[in-house]
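K.L.:
Give me a model of this one.
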Amino acid sequence: MTVRLLAATGSVGLAPTDPARSFAPALSRQPHAIVADAGSADVGPGFLGSGRAYNNPEWEEAELGHLIEGASRLGVPLIVGSCGVHGADAGVEAYSAMAERAARRLGRRLRLALIFSEQPRAWLQAALARGTIESPGGLPPLTAEAVDASSRLVAAMGAEPIVAALAQGADVVLAGRACDDALFAAPCLRRGINPASSFLAGKLLENASLVASPFVIREAVLAEVDDDGVTLEPMLADQRCTRASVAAQLMYERRTPLSQPGPRGMLELGQVRIQELDARRARISGASYCPTQPTLKVEGAGIAGQRSVALVGIRDPGLIAALDTVAAEITTEVETSGAQVALHVFGRDATMGAFEPTPAPGHEVALLIETLAATQQQASSACLLARRRLFASGYPGQKATAGSVSGLGDELWEAGAAYRWTVNHIVPVDDPSAQFVTEIREVGSGA
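P.N.:
Numbering: from 1, shown residues only. Below is the predicted model:
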């Protein structure tokens, strides 16, 4: 048995897209399912904590409409995961409204399956009390205070809730926070493909065209999945799947390219073989799958305070040379006022901080000032203090009393609420499907 999966895009609604480039031509290959991821924790805690949309809703609705139209025309299911980027209930509901408008516009009746992934604090507190929660990657142990400080909690679902939704005849599955690979594994598992090939397909397709070369984001890729492996073919004519591009995807966001954990098992990749079949296609085989104790990855975000920011430019070589000393003096004064401050030196080490191997500044730098406090007024006062102290700073060899710092734009910007990750932990469970609620909705013409 072979299952044809169409990875439609690497991230729904990330930017305007042209379906004629790769998605529309791919429909002629008659995929059994169309799958697209819509989210990531890479965008930071603010969107999960606030529930705000990350993308332009018009971009999301346009792309989701194209996906629904293509799937409806072929009569195959569409699966979209981590709706709204954060995968919170608000994101699922927003995508449901978009899908309903698309159905009415197309004159189609659609059966939607909405899978919600938000979790109550009481459930996580109970798990914490049992003492079984794991802290991955050296993170500190989870505390009851961190759980209580979470504005919102989501668990990343595996394939099982999606398989169940497909079994209920869903035309469109709109899932909350989900493991990327599970979105693609689900239709394969539903059709009887073994877990090793199913989750291997998921790992390869999670970023769509990033598995191919040259680097192009958000274009479609077709996979033919069977019990022996996966054959990949990019749908953009200028791309091809090579051993290097496939290997790079297998290493994507992994501490080790040899394994990938999931809610019910471990995908083992140490014996994977990558074969270039022709100028554009690659065959990947040799993966295995080992069942493990069921777990759920839980993400939580909570408010840290109110934030203000300012940006200045520095061209004076004397001040650049003395910047660490000046910054330390400013930091001490600002923190005495009760606020927190961070000074990021762009052009030296703002991106990598202490990990920067060559922290030598250029002839000019930009200094981004961030302050955090309990109220917006306190954050803005602290930011203004830091900025003005910088303008008035003295340093060795100073030859003038003005001109060392250039203000860029307004004096400061009030950025509003700032959020922090409160939970990023692994919770052992008896049944990883039990924490997710699925709702079936009939929408569109005749609903």
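K.L.:
Break the protein down into its structural domains.
P.N.:
Domain assignment for the chain by automatic domain parsing gives 3-117+157-294+429-444, 303-422.
K.L.:
how about CSV for those domains, with mean pLDDT and distance to Trp123 added?
P.N.:
C-beta here means a position set from N, CA and C on the backbone, and glycine is covered the same way. Shown next, in CSV, are those (pLDDT from 0 to 100; distance: least, Cβ to Cβ, whole Å):
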stretch, mean pLDDT, distance to Trp123
domain 3-117+157-294+429-444, 96, 7
domain 303-422, 91, 15
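K.L.:
Those domains: which one's closest to Ala146?
P.N.:
domain 303-422 (4.5 Å; Cβ to Cβ).
K.L.:
what is Val225 paired to in the beta sheet?
P.N.:
Judged by DSSP bridges, the bridge partners of Val225 are Val3, Val230.
K.L.:
That one contacts Pro195, doesn't it?
P.N.:
No. Counting by Cβ atoms under 8 Å, Val225 stays clear of Pro195, with 11.5 Å between them.
K.L.:
Compare those two (neighbour count), which wins?
P.N.:
Between Val225 and Pro195, counting by other Cβ atoms under 10 Å, Val225 is the more crowded of the two (29 against 20).
K.L.:
Provide a list of residues in contact with that one.
P.N.:
Shown in contact with Val225 (Cβ atoms under 8 Å, 6 or more residues apart in numbering): 2-5, 188, 193, 197-198, 201, 231.
K.L.:
List buried members of the residues you listed by neighbour count.
P.N.:
Applying 16 or more other Cβ atoms under 10 Å to the contacts of Val225, the neighbour count classes 3-5, 188, 193, 197-198, 201, 231 as buried.
K.L.:
Of the contacts of Val225, which is the nearest to Ala126?
P.N.:
Nearest to Ala126 among the contacts of Val225: Ser198, at 31.8 Å, using Cβ to Cβ.
K.L.:
Against Ser381, how distant is that closest one?
P.N.:
55 Å (Cβ to Cβ, to the nearest Å).
K.L.:
Can you give me the neighbour number for the residue lying closest to Thr375 once chain neighbours are set aside?
P.N.:
Nearest non-adjacent residue to Thr375, counting by Cβ to Cβ, 6 or more residues apart in numbering: Gln306, 5.7 Å away. Neighbour count of Gln306, defined by other Cβ under 10 Å: 21.
K.L.:
what about Gln306, is that helix, strand or coil?
P.N.:
Put simply, Gln306 is strand when judged by DSSP: H, G, I helix; E, B strand; the rest coil.
K.L.:
residue contacts, it?
P.N.:
Gln306 sits in contact with 372-376, 378-379, 414-418, where contact means Cβ under 8 Å, 6+ apart.
K.L.:
Buried among those? Make that a PyMOL selection.
P.N.:
The PyMOL command for the buried members of the contacts of Gln306 (criterion: 16+ other Cβ under 10 Å) is given here:
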select buried, resi 372+373+376+378+379+415+418
